[in-house]
Structure formats: structure tokens, C-alpha cells
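The following block contains a protein sequence and its predicted model.
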Amino acid sequence: EPEVTQTPSHQVTQMGQEVILRCVPISNHLYFYWYRQILGQKVEFLVSFYNNEISEKSEIFDDQFSVERPDGSNFTLKIRSTKLEDSAMYFCASRTRATNEKLFFGSGTQLSVL
Amino acid sequence: SQQGEEDPQALSIQEGENATMNCSYKTSINNLQWYRQNSGRGLVHLILIRSNEREKHSGRLRVTLDTSKKSSSLLITASRAADTASYFCATATNAGNMLTFGGGTRLMVKP
């Protein structure tokens, strides 16, 4: 069964550094998402991306965050200057064109900001 | 305000028993979905129920939806130790294409 792939599985960085989290969504999917989950807390929406542009974003997704689909397969989340509170598990997800259907999630990247 | 709040936050049962988890939400929805998360892993879709449906079954899972009360329940029958995980409800509205997740219920099934 096709799956969403995320790399790396763990990322440790120093506060103030830039990080790029990478995702390969399922190949025929058209909508892409980033969510994050701080340890023990709820899964929070960050951003959705469709047709090469952001379609929705949350208050968490401020100017320090950006997303990109640099080629036909990768979908990246960049955090320009990481803060301690950015430490979380970041999940990429994708879905087909069908509206309001289920999301397929990757296994996540655990980001630790020291 | 929170959209999608599960209760209980944690549930511990014996293998073979049924597990019921509840979810409440605040705004009108297009559909409600349940996901499972094993510790430290990604979320896996379990079942989707649309706003015009009241009940849905999938294997040992039964989901109900009461739009008048803005609530849903997930019932896992004849639980197994392998059902141990966190379960999240997520709502989709007509306005956007994102899902909003609740806080989850941590289910432990003891063998």
C-alpha cells in the first residue's frame, strides 16, 4: 500500500538554526498538510497546500515557517529560526482530490530544539 | 474554543471488554473521522462518518454521530491487547479542507 514518507525520523538542532523537514506524499495525491504534536498534546494543524500554494494556515504557522513543493514528489516544511517551543513531532499528510476525505499520515519527524 | 474533544482522556480495560470513547465538537461539520496512533507513530485512519449518517460499522468498530448534540462515539468491541493506542476524533467542515483533531483518548487493553 502506498505511504507517506518523512525524513529524517529525528532531528536535533540548536535554537536559532534553520531546519527543513522533508516529506514524500503519495504520488497521486493533490492536497498536502503539515501537522505537529507536542509531546502528550493534541495534533495541531499547521498548513495545507494545494495547486502549488498555501490554501489554509493556522496561527502557529507564522513568518518563521514556510512550505515548498520543489519538485513533483517532495513537500518540505522549513523553520527559519527554531525556538525551544518548536520541539514537537511534525507529521506530513496527503489526500486525493476528493473533498473532505481521509488523510494519509507519515510516521513523523521528531524535532528537538536545544 | 476547542473543536473535537475526546473523553475519557484515558481508558484501561481488560482484553475482551468493549471500549467506548466519546468526542464532542463545536461547529457544524461535513464529516467526522477517527484515527488511531500507536505510541510515537503517525496517525492511521479508522473510519469516517458523514454529517447525514448516524451510525457506521467497520469490523469491530462502531461509530455513531449525533449532530444535534455535536457528539460522536467510537466503540471497539471485543478489545485486544493490540488495540492499545491513542484514538483521536477529527472534524472536517464545509468551509475548509483541513481536519481539526481533538486531544485523544489513550486506551490501554490489558491481556
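Received it, and whenever you're ready, just let me know what you need.

anything in the helix or strand B:Asn22 falls within near chain A?
With elements taken from DSSP states H and E, the one containing B:Asn22 is strand B:19-24. No. Among the residues of strand B:19-24, none lie within reach of chain A under Cβ under 8 Å from any Cβ of the partner chain; the closest is 12.0 Å away. Backbone N, C-alpha and C define where each C-beta goes, glycine included.

now stretch B:6-16
No. Contact between stretch B:6-16 and chain A is absent, the nearest approach being 9.2 Å (criterion: Cβ under 8 Å from any Cβ).

Show me what counts as buried in that stretch.
If you call a residue buried by 16 or more other Cβ atoms under 10 Å in any protein chain shown, then stretch B:6-16 has these buried ones: B:6, B:11, B:13.

For chain B, which residues are neighbours of chain A?
Of all the residues in chain B, those lying near chain A are B:30-31, B:33, B:35, B:40-45, B:48, B:88, B:90, B:92, B:94, B:96-104, going by Cβ under 8 Å from any Cβ.

List only buried entries from the residues you listed.
By the neighbour-count criterion of 16+ other Cβ under 10 Å, these include these buried positions: B:30-31, B:33, B:35, B:41-43, B:45, B:48, B:88, B:90, B:92, B:97-104.

any idea how far A:Ser94 lies from chain B?
A:Ser94 is 12 Å from chain B, where distance means Cβ to the nearest Cβ, to the nearest Å.

I'd say that residue and A:Thr5 touch.
No. A:Ser94 is beyond contact range of A:Thr5, at 10.5 Å (criterion: Cβ atoms under 8 Å).

Who has more neighbours out of the two?
A:Ser94 (24 against 15; other Cβ atoms under 10 Å in any protein chain shown).

taking the residues of chain B next to chain A one by one, which sit in strands?
When the residues of chain B next to chain A are checked against strands (DSSP state E), the matches are B:31, B:33, B:35, B:43-45, B:48, B:88, B:90, B:92, B:99-101.

Let me know the closest of those to B:Ala19.
Distance to B:Ala19, by Cβ to Cβ, is smallest for B:Phe88 among these, at 14.2 Å.

give me every residue that touches that closest one.
Counting by Cβ atoms under 8 Å, 6 or more residues apart in numbering or on different chains, B:Phe88 touches A:42-43, B:4, B:6, B:34-37, B:43, B:101-105.

returning to what we had before: now the ones in strands among the residues of chain B next to chain A in a markdown table, with pLDDT and distance to B:Ser71?
Shown next, in a markdown table, are those (pLDDT from 0 to 100; distance: Cβ to Cβ, whole Å):
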| residue | pLDDT | distance to B:Ser71 |
| --- | --- | --- |
| B:Asn31 | 92 | 14 |
| B:Gln33 | 95 | 15 |
| B:Tyr35 | 96 | 17 |
| B:Leu43 | 94 | 21 |
| B:Val44 | 95 | 23 |
| B:His45 | 95 | 20 |
| B:Leu48 | 94 | 16 |
| B:Phe88 | 94 | 15 |
| B:Ala90 | 94 | 14 |
| B:Ala92 | 88 | 16 |
| B:Leu99 | 90 | 17 |
| B:Thr100 | 91 | 15 |
| B:Phe101 | 92 | 16 |
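
quick one on the thing from earlier: by pLDDT, rank the contacts of B:Phe88 and give me the bottom one.
Lowest model confidence among the contacts of B:Phe88 falls on B:Gly4, which carries 64.
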